[in-house]
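*Asks:* the following comprises the amino acid sequence and a computationally predicted model.
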Amino acid sequence: MAWNYMQSPQEARDVAQEVFVRLYQSIQSFDLGEEASCVPWLLATTRNFCIDQLRRRKARPPASDLAVEEGAPIRDARPTPEESTLAEDRRRTLYRALARLSDVSREIILLKEIQGLELREISEMLSVPVGTVKSRSSRARIELARALLALDPTFGA
Amino acid sequence: MIACDRFDDLLDALPQGGLTHPWRKELEAHAAACPRCRRILSVAGGETPEVGSVSVPDNLTEAILQRTSGRPCPRARDLLCDLTDGSLAGPDVELVRAHLDACRECAAIARVLGLHAELLPALAEITPDERFVSDVLARTTRLRRGGLAGSAERLVQRWRQVLARPRFAAEGAYLGSILLVGLVAFPGSPLQDLPRELLAAVRSSSFGSWRLPDLPVAEVEARASELTVRAQDAAGRRLSETVGLARQDIEKIAGAILSVGQRTAGTFENVIGDSDRTDNKPTVPSDNQEGETDERPR
């Protein structure tokens, strides 16, 4: 999540490290028996920290191609070489398309489609009604699909 | 025999069963003689006419939809996500699918939407470098230490959090300005003469060939004082004028209110006076010894 916000591996690493240190400092307030109890806190804290970092970073380079060249490894099962190449191409196209989205749309995609948060959780995190989250999500998905097709008209064909 | 236009009139009544027998016979007799009306009568009777093959324009559907319900693409795209998620129901499903069959652009968008559920969650996890976990553990271990080392680490951690605040620069500048003004401006401050000393140092410095001109400080101060006094006088005069004008307005308003009040009081007096005169009845003098008249109303 930090990487998707910061678009820089080093800054994302710093953010993630800082978030885990803060989690350590706040560990008493979580129910350790439930893994899911700290996930919303982690995501919300990461988001808030990333937004603060982005505000401090006044000049932000265009993210359309920057992060793709640096690349970020992903976990996947052992694919064949052909599948790796296709998956890698798709991933790069996805990141480039995500970088083209508006900030609001990218954030909704990140929280709902990538991190898998529920509408209610996103509504609480962003302090907007659930209906607003739903409509933003639909628009963001269409926007992402159009951005992907603009980059590669045969995407998914 | 009837003519074609009369035939058309009679034909309207045929489905409703309102034609009497003579008129029906006239209708059929005319149809027997007129090919056009015979064809019409047969279609009216339920026979399907042969129209032959007709070429349908490619954009017929879209042309009809544009004339009836506006451009279909935006409306279809509003429903595409629901269709992809399987939450669209009813006739909208058929309508959207019919549109996708006719619109390649929207069909491509729908195809890509269908891949989101498979591709996007894969971006949720990123493998960090090998040192990430050890760095986090090292920092948390330092935080756990007691004594000075732990306190120092916690202080550093706290300072990092303060630095991370987006308004840190503005808050720092604000505090720095207050400190500087406090150190330099307060009487008895050890740095009170600092500005003069700095100015003297700059004047006497041989920094390149650039020198500041000698500033007539006393003249500048006198001029500043004069301008301040003039500004204060001007502000005072303006304030007096404004107050005077306001006083005049208030007096006018008060006078108007007083005048209205007086008129109202006069009107009431007149009304009450008229009422008293109406109530007063003629008096009968009583038999007082001294000839006084006792004017008491009866």
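*Replies:* That came through fine.
*Asks:* where in the chain is pLDDT low?
*Replies:* Because you didn't say which chain, this covers chain A. Chain A contains residues with pLDDT under 70 at A:28-37, A:58-84.
*Asks:* correction: the question concerned chain B.
*Replies:* Ranges of chain B meeting pLDDT under 70: B:15-19, B:46-53, B:62-63, B:65-71, B:142-146, B:161, B:164-166, B:205-215, B:275-298.
*Asks:* at 90 instead, please
*Replies:* Chain B contains residues with pLDDT under 90 at B:1-79, B:85-105, B:115-298.
*Asks:* what residue lies at the spatial centre of it?
*Replies:* B:Asp78 (23.5 Å; CA atoms, centre = their mean).
*Asks:* tell me how far that residue lies from A:Phe49.
*Replies:* Taking CB to CB, to the nearest Å as the measure, B:Asp78 falls 35 Å from A:Phe49. Just so you know, the C-beta spots here come from the backbone N, C-alpha and C atoms, and that holds for glycine as well.
*Asks:* quick one, phi psi at the residue nearest to the centre of chain B?
*Replies:* phi -60, psi -30 (degrees, to the nearest 10).
*Asks:* the longest helix in chain A is where?
*Replies:* Counting residues, the longest helix in chain A under DSSP state H turns out to be helix A:130-151.
*Asks:* from the chain's centre, how far out does that one sit?
*Replies:* From the chain centre to the centre of helix A:130-151 is a distance of 14 Å (CA atoms, centre = their mean, to the nearest Å).
*Asks:* what is it packed up against?
*Replies:* helix A:81-100, helix A:103-108, helix A:119-126, helix B:72-85, helix B:104-119 (3 or more CB pairs under 8 Å, 6 or more residues apart in numbering or on different chains; DSSP states H and E).
*Asks:* possible to save those helices as CSV with distance to A:Arg57?
*Replies:* Below are the helices and strands packed on helix A:130-151 laid out as CSV (distance: least, CB to CB, whole Å):
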stretch, distance to A:Arg57
helix A:81-100, 16
helix A:103-108, 14
helix A:119-126, 21
helix B:72-85, 33
helix B:104-119, 29
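*Asks:* nearest to A:Gln25, of these?
*Replies:* helix A:119-126 (20.8 Å; CB to CB).
*Asks:* give the buried residues for the closest one.
*Replies:* A:119, A:121-123, A:125-126 (16 or more other CB atoms under 10 Å in any protein chain shown).
*Asks:* which residues outside it are in contact with it?
*Replies:* For helix A:119-126, the external contacting residues (CB atoms under 8 Å, 6 or more residues apart in numbering or on different chains) are A:40, A:43-44, A:47, A:107-108, A:111-112, A:117, A:129-130, A:132-134, A:137.
*Asks:* out of those, which is most surrounded?
*Replies:* Using other CB atoms under 10 Å in any protein chain shown as the neighbour test, the contacts of helix A:119-126 are led by A:Ile108, with 28 neighbours.
*Asks:* tell me the contacts of that residue?
*Replies:* A:122, A:133, A:136-137, A:140.
*Asks:* hmm, 7 Å instead?
*Replies:* By CB atoms under 7 Å, 6 or more residues apart in numbering or on different chains, A:Ile108 lies in contact with A:136-137, A:140.
*Asks:* closest to A:Gln7 out of the contacts of helix A:119-126?
*Replies:* Distances from A:Gln7 to the contacts of helix A:119-126, taken as CB to CB, are shortest for A:Glu107 (13.0 Å).
*Asks:* these two touch, right, A:Arg100 and A:Ala147?
*Replies:* Yes: under the contact definition of CB atoms under 7 Å, A:Arg100 touches A:Ala147, with a separation of 4.6 Å.
*Asks:* please enumerate the helices of the stretch 51-200 of chain B.
*Replies:* B:60-69, B:72-85, B:91-102, B:104-119, B:131-144, B:147-163, B:168-185, B:194-204 (DSSP state H, counting those that start in this stretch).
*Asks:* okay, these in CSV with distance to A:Leu54 next?
*Replies:* Formatted as CSV, these follow (distance: least, CB to CB, whole Å):
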stretch, distance to A:Leu54
helix B:60-69, 43
helix B:72-85, 28
helix B:91-102, 38
helix B:104-119, 25
helix B:131-144, 21
helix B:147-163, 15
helix B:168-185, 14
helix B:194-204, 39
